[in-house]
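A.B. asks: Predicted structure and sequence below. I'll ask about it afterward.
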Amino acid sequence: MSSAKIAINGTSATNGTNGTAKEMNGADLKKLKNANPPKVYIGSPQKEFNPSSNDSLDGNQSPTESGPPCCVEAYSPYNSCTYELIESVAQFLLDRVSIRPKIGIICGSGMDGTTGCLADALTDSTSFPYETIPYFPTPTVPGHMGRLVFGYLGDVPVMCMQGRFHYYEGYPLWKCAMPVRVMKLVGVTHLLASNAAGGLNDKYRVGDIMIIKDHINLLGFAGNNPLMGPNDERFGPRFPAINRAYDVNVRRMAKQVATEMDINNITHEGVYSVVGGPSFETIAEIRMLGALGVDAVGMSTVHEVITARHCGMTSFAFSLITNKSVTDYESYEEPNHEEVIDMGKQREPVLKEFITRLVKKIEDDRDE
Ligand SMILES: O=P(O)(O)O[C@H]1O[C@H](CO)[C@@H](O)[C@H]1O
């Protein structure tokens, strides 16, 4: 691994990733118009410039200064983020990156840490801390770094969310899933989401991978859905079908990848259910989910996939089984977030390989 430079507001630092750094110079910095600018990292793998530079959103103002008030109502359960606003965020990103990814990746808990993570495997990367992206929420959960990274995985251009947003953080579901719409308007056609999940299925072991073939949207049962609120047909229909949410073709490719990697013994296909969190489930709840046919449970992904399907994206998701769900009243085991993150880190090399190969297959399939 070579050491790459990162420029932070004109001063450079090093990081431990591959490639040659592109650094901002003084002239670039002069272009920055805010006294206290947010940071955007750009380069190979990383360099930084400021999103408030003169070529921003309307050529004049940063959207954080003058956007419509919709995201001020960030906690509204109803999606009030307009198409135009999402378009402006997408444009903001497109103005700052040259690559045009068709595949968007969301990294789950523990899979987006600061070392050895998938996003760090990207070459020629341009990385935007979430707080520098207009209207983006910021993650509050340990193990979720909070950067949007554009780059090449192998030779495939991708954009990668290094950290996601959860309902239990206080964000409404539409806000949790808002980056998916940004991906869509950036030009992404395929969403690939990963998550950490508790395993209910007796056959699953900690560290196994579950390709999601279907979900149970418990939050939806409780009357909550990312698509609630006014519908903009430019994104998709009022009543989208969701029964084919997890693309059968991509699932087939993922199973091929598992075979190629000789990890069939740890790879399954199953049903994921989302719960609100942040508390883990009670034994009675786990037993109920098991009786409903749930194989793994977590607190994310479903609202992202619903949003992706609504706007016509092909979606695929998998869970890393980070802990066994407790079903026994005699057990002293308690799930905890630390073990979730640890398992994500442990499985990082396998998952990186899995995703890299899958992304390549998807890209090749798109080209056919
Ligand atoms: O779904 P991801 O983001 O991977 O994270 C999972 O891990 C956390 C619990 O440890 C919860 O946020 C749960 O959803």
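C.D. replies: Sure thing, it's come through. Computed from a predicted model, the values in this text were never measured in an experiment.

A.B. asks: Next up, the contacts around the residue of the chain most remote from its centre.
C.D. replies: Distance from the centre of the chain peaks at Glu330, with 36.6 Å (CA atoms, centre = their mean). By CB atoms under 8 Å, 6 or more residues apart in numbering, the contact set of Glu330 is empty. Using the backbone N, CA and C atoms, a C-beta is placed for each residue, glycine as well.

A.B. asks: Show the pLDDT at it.
C.D. replies: Model confidence at Glu330, given as pLDDT, is 95.

A.B. asks: distance of it from the ligand?
C.D. replies: The gap separating Glu330 from the ligand is 24 Å, by CB to the nearest ligand atom, to the nearest Å.

A.B. asks: What of Tyr130?
C.D. replies: Remark: distance between Tyr130 and the ligand (CB to the nearest ligand atom) = 14 Å.

A.B. asks: Next, count neighbours for that residue.
C.D. replies: Tyr130 has 20 neighbours, counted by other CB atoms under 10 Å.

A.B. asks: pretty sure it contacts Arg147?
C.D. replies: Yes. If you go by CB atoms under 8 Å, Tyr130 and Arg147 touch, sitting 6.6 Å apart.

A.B. asks: Common neighbours of these two, please.
C.D. replies: Taking CB under 8 Å, 6+ apart as the criterion, Tyr130 and Arg147 both touch Gly163.

A.B. asks: Checking whatever residue of the stretch 101-250 of the chain ends up closest to the ligand next. Helix, strand or coil?
C.D. replies: Closest residue of the stretch 101-250 of the chain to the ligand, CB to the nearest ligand atom: Gly108 (2.9 Å). Under DSSP: H, G, I helix; E, B strand; the rest coil, the three-state class of Gly108 is coil.

A.B. asks: give me every residue that touches it.
C.D. replies: By CB under 8 Å, 6+ apart, the contact set of Gly108 is 164, 193-196, 300-301, 319-320, 344.

A.B. asks: who are the neighbours in contact with Phe316?
C.D. replies: Neighbouring residues of Phe316 by CB under 8 Å, 6+ apart: 190-193, 211-212, 246-247, 250-251, 254, 358.

A.B. asks: element containing it?
C.D. replies: strand 314-324 (DSSP states H and E).

A.B. asks: Run through who's touching the next helix or strand after that strand.
C.D. replies: Toward the C-terminal end, the helix or strand that comes next after strand 314-324 (DSSP H and E) is helix 337-346. Helix 337-346 is contacted by residues 108-111, 113, 116, 142-143, 196, 206-207, 320-323, 351 when judged by CB under 8 Å, 6+ apart.

A.B. asks: Buried among the residues you listed? Make that a ChimeraX selection.
C.D. replies: Of the contacts of helix 337-346, the buried ones can be selected in ChimeraX as follows, counting by 16 or more other CB atoms under 10 Å:
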select :108,109,110,111,113,143,196,320,321,322,323,351
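
A.B. asks: Among the contacts of helix 337-346, which one lies nearest to Thr307?
C.D. replies: Thr307 lies nearest to Gly108 out of those, by CB to CB, at 16.6 Å.

A.B. asks: any idea how far that closest one is from Leu93?
C.D. replies: Distance, Gly108 to Leu93, using CB to CB, to the nearest Å: 22 Å.

A.B. asks: Report the rounded mean pLDDT for the strand holding Phe316.
C.D. replies: Mean per-residue pLDDT for strand 314-324: 98.

A.B. asks: touching the ligand at all, that strand?
C.D. replies: No. Strand 314-324 lies apart from the ligand when judged by CB under 6 Å from any ligand atom; the minimum separation is 7.1 Å.

A.B. asks: Measure how far that strand is from the centre of its chain, please.
C.D. replies: Average the C-alpha atoms of strand 314-324, do the same for its chain, and the two points are 12 Å apart (CA atoms, centre = their mean, to the nearest Å).

A.B. asks: Quick one: work out the angle between that strand and helix 337-346.
C.D. replies: 120 degrees (axes from the mean of the first three to the mean of the last three CA atoms, to 10 degrees).
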